[in-house]
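Participant: one predicted model, sequence on top.
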Amino acid sequence: MQLPDDFLVKMKDLLNEEFEPFITTYNDKQTNGLRLNTLKIKKEDFLNLTSFALKQIPWVDVGFYYNHEERPGKHPYHEAGLYYIQEPSAMAVVEVMTPQPGEKILDLSAAPGGKTTHIAQYMKQQGLLVANDIHPSRARILSQNVERMGIRNAVVTNETPERLAKRFPSFFDRILVDAPCSGEGMFRKNPLACDEWSLNYVEACARRQKNILDQACQMLKTEGQLVYSTCTFSPEENEQLINQFVKDHPNFEIERIDVYDQFSSGRSHWVDGPVKGIEHTIRLWPHHIKGEGHFIAVLRKNGAREQHKYKQLRPIKNKNRLKDYLTFAKENLRTIPKGTFILFGDDLYIVPSEMILMDHLKVIRPGWHLGTNKKNRFQPSHALALSLKANEVKHHVNFSSDSHDILAYLKGEAFRVQGENGWNLITVDGYSLGWGKLSNQLMKNHFPKGLRWMS
């Protein structure tokens, strides 16, 4: 790999005697990881189910290294949302954050969704998770991953930090800013990042990160937690940025967090006039651990509690508008989902009860998508299928992961099978994969066209 000359000079000056072991890591293969989705499967159940050769990631109880040759991204279990493929060091951020069920949490730069889906596992479908990304195409990918992992309590938005800050003043218990950065820690994983890198790009990233943090802190409750992370080595985007942020916002302090013993402390000698606790920031170095580069800072907001009034959502009051959904649910589900219902066009959602008015926000997914009102009928969504278990539906058809039928289903093909006419949940080794509709032993395929396997 051809690394930028300015990067090499800079890192040699920063690391001194550590430079040689650091730079030799670029001769190694990148590490690959997957994180089990505990919203759907327990760790011991997955380990008994899978044939993958997995090795535990030491800082994540449900995180594992895998061999790239196994291609878990092309396995039916991936489509069922049993795991999320994620770089091992990136998993450390939410492990440090430790979200709790029932909280209100914002993931401000969330796409493609690795940390959002990790947060959701900790929340256990309770509370409100707002996952935002400023780029429309990336926000759609984020929404797809929220759906695949069966998350019910997430709202996905496509907004600027400034517009969100106006809507959510002092609102969230925790905020994650996984900041867009110069990507130095991912050069080995993404060689194209080398082509984009320059010293000027580092400075531009730092300016953008400062603006994002300035907006994020306005949305945090007093005594709330702000977690900042990057996948770069540059002090300008890490220790120096956090140091200046604390100077500019004296009601914030850097928290000390107990972490895996091979993680390193932030480097206070890379900062002019270090604030108290800058050494409590966290560094993940590829020559110390089996993973890429990462930086994490945990900040706590102090001061007097602020009082704000928030405009509440307007749920559906006319129960006739739920008639077709309730008919479907009574015919096909053993337990009928309840909550705050809203219609988004013809699409029916259950919105987390903590969510406030969404008018004039760019919302990609306003909650748990149940399905779509068609003419005199209700069509269940893929999101509903992926959030259900086999024992929650009246009819389901199960296949093993290596069966011809499951491959045919993922390709969008119809197939013949014995069963009950009507909507059936298709499962792989007992875990939901999508809908089919059976008529006279022919299963019509309702796996979404955009997700179907080509080969």
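Facilitator: Ah, there it is.
Participant: contacts, neighbours, all on C-alpha from now
Facilitator: OK.
Participant: distance check, the closest residue in space to residue 237 that isn't next to it in sequence against residue 154.
Facilitator: In space, residue 237 comes closest to residue 206 once its chain neighbours are excluded; the distance is 5.0 Å by Cα to Cα, 6 or more residues apart in numbering. Applying Cα to Cα, to the nearest Å, the value for residue 206 to residue 154 is 29 Å.
Participant: which one's more surrounded, the two?
Facilitator: residue 154 (28 against 23; other Cα atoms under 10 Å).
Participant: next one: phi and psi at the more buried one?
Facilitator: Residue 154 adopts backbone torsions of phi -110, psi 140, taken as degrees, to the nearest 10.
Participant: looks like it contacts residue 369 (just checking).
Facilitator: No. Taking contacts as Cα atoms under 8 Å, residue 154 lies outside contact range of residue 369: 10.2 Å.
Participant: do a quick rundown of the helices in the stretch 51-200 of the chain.
Facilitator: Under the criterion DSSP state H, counting those that start in this stretch, the stretch 51-200 of the chain contains helices at 76-79, 92-97, 114-123, 136-148, 161-167, 192-196, 199-216.
Participant: then the stretch 351-455 of the chain?
Facilitator: Counting by DSSP H, counting those that start in this stretch, the helices of the stretch 351-455 of the chain are 382-386, 404-410.
Participant: do you know which of the ones you listed lies nearest residue 434?
Facilitator: helix 382-386 (5.2 Å; Cα to Cα).
Participant: same for the closest one, what does it pack against?
Facilitator: helix 136-148, strand 368-374, strand 431-439 (3 or more Cα pairs under 8 Å, 6 or more residues apart in numbering; DSSP states H and E).
Participant: for the ones you listed, which one sits closest to residue 290?
Facilitator: Comparing the helices and strands packed on helix 382-386 by Cα to Cα, helix 136-148 comes nearest, at 25.6 Å.
Participant: touching that closest one from outside, list them.
Facilitator: 79-81, 110-113, 116-117, 132-133, 154, 156-158, 364-365, 382-383, 386-387 (Cα atoms under 8 Å, 6 or more residues apart in numbering).
Participant: which parts of that helix are buried?
Facilitator: Going by neighbour count (16 or more other Cα atoms under 10 Å), the buried part of helix 136-148 is 136, 138-140, 142-148.
Participant: now do it against helix 114-123, angle only.
Facilitator: Taking axes from the mean of the first three to the mean of the last three Cα atoms, to 10 degrees, one finds helix 136-148 and helix 114-123 inclined to each other by 30 degrees.
Participant: report the angle between helix 136-148 and strand 368-374.
Facilitator: 100 degrees.
Participant: just the mean pLDDT for helix 136-148, thanks.
Facilitator: Summarised as a single mean, pLDDT over helix 136-148 is 98.
Participant: can you give me the angle that helix makes with strand 431-439?
Facilitator: On the basis of the same axes, to 10 degrees, helix 136-148 is oriented at 80 degrees to strand 431-439.
Participant: CA atoms only for helix 136-148, dumped as CSV, please.
Facilitator: Extracted in CSV, the C-alpha atoms of helix 136-148 (Å, rounded to 0.1, in the frame of the first residue of the first chain):
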residue,chain,number,x,y,z
PRO,A,136,-29.8,11.1,1.6
SER,A,137,-28.4,8.0,0.0
ARG,A,138,-26.5,7.0,3.2
ALA,A,139,-29.6,7.7,5.3
ARG,A,140,-31.6,5.2,3.1
ILE,A,141,-28.9,2.5,3.7
LEU,A,142,-29.1,3.3,7.4
SER,A,143,-32.8,2.8,7.3
GLN,A,144,-32.4,-0.5,5.6
ASN,A,145,-30.0,-1.7,8.3
VAL,A,146,-32.4,-0.6,11.0
GLU,A,147,-35.1,-2.6,9.3
ARG,A,148,-32.9,-5.7,8.8
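Participant: chain center to that helix, what's the gap?
Facilitator: Relative to its parent chain, helix 136-148 has a centroid offset of 9 Å by Cα atoms, centre = their mean, to the nearest Å.
Participant: residue 405: neighbour count?
Facilitator: 18.
Participant: one more: residue 54?
Facilitator: By the criterion of other Cα under 10 Å, residue 54 has 15 neighbours.
Participant: domains for this protein, by residue range?
Facilitator: 31-85, 391-455 (automatic domain parsing).
Participant: end to end on the longest one, go ahead and measure it.
Facilitator: Same thing as domain 391-455. First-to-last distance for domain 391-455 - Cα to Cα - comes to 31 Å.
Participant: any stretches of the stretch 1-150 of the chain with poor pLDDT?
Facilitator: Residue ranges of the stretch 1-150 of the chain with pLDDT under 70: none are present.
Participant: quick one: contacts for residue 110?
Facilitator: By Cα under 8 Å, 6+ apart, the neighbours of residue 110 are 116, 131-133, 139, 142, 178.
Participant: of those residues, closest to residue 412?
Facilitator: Using Cα to Cα, the contacts of residue 110 come closest to residue 412 at residue 142, 23.0 Å.
Participant: measure the closest one to residue 133 for me?
Facilitator: Counting by Cα to Cα, the gap from residue 142 to residue 133 is 8 Å.
Participant: now do the phi/psi pair for residue 263.
Facilitator: According to degrees, to the nearest 10, residue 263 has phi -70, psi 160.
Participant: check the nearest residue to it once chain neighbours are set aside and give its pLDDT.
Facilitator: Leaving aside its chain neighbours, residue 263 sits nearest to residue 284 (5.3 Å; criterion: Cα to Cα, 6+ apart). pLDDT for residue 284: 98.
Participant: what number of residues lie near residue 284?
Facilitator: 27.
Participant: residues touching it, list them.
Facilitator: Taking Cα under 8 Å, 6+ apart as the definition, contacts of residue 284 comprise 89, 263-264, 291-295.
Participant: nearest to residue 437 among those residues?
Facilitator: residue 89 (41.9 Å).
Participant: quick check: mean pLDDT across stretch 318-337?
Facilitator: Stretch 318-337 comes out at a mean pLDDT of 93.
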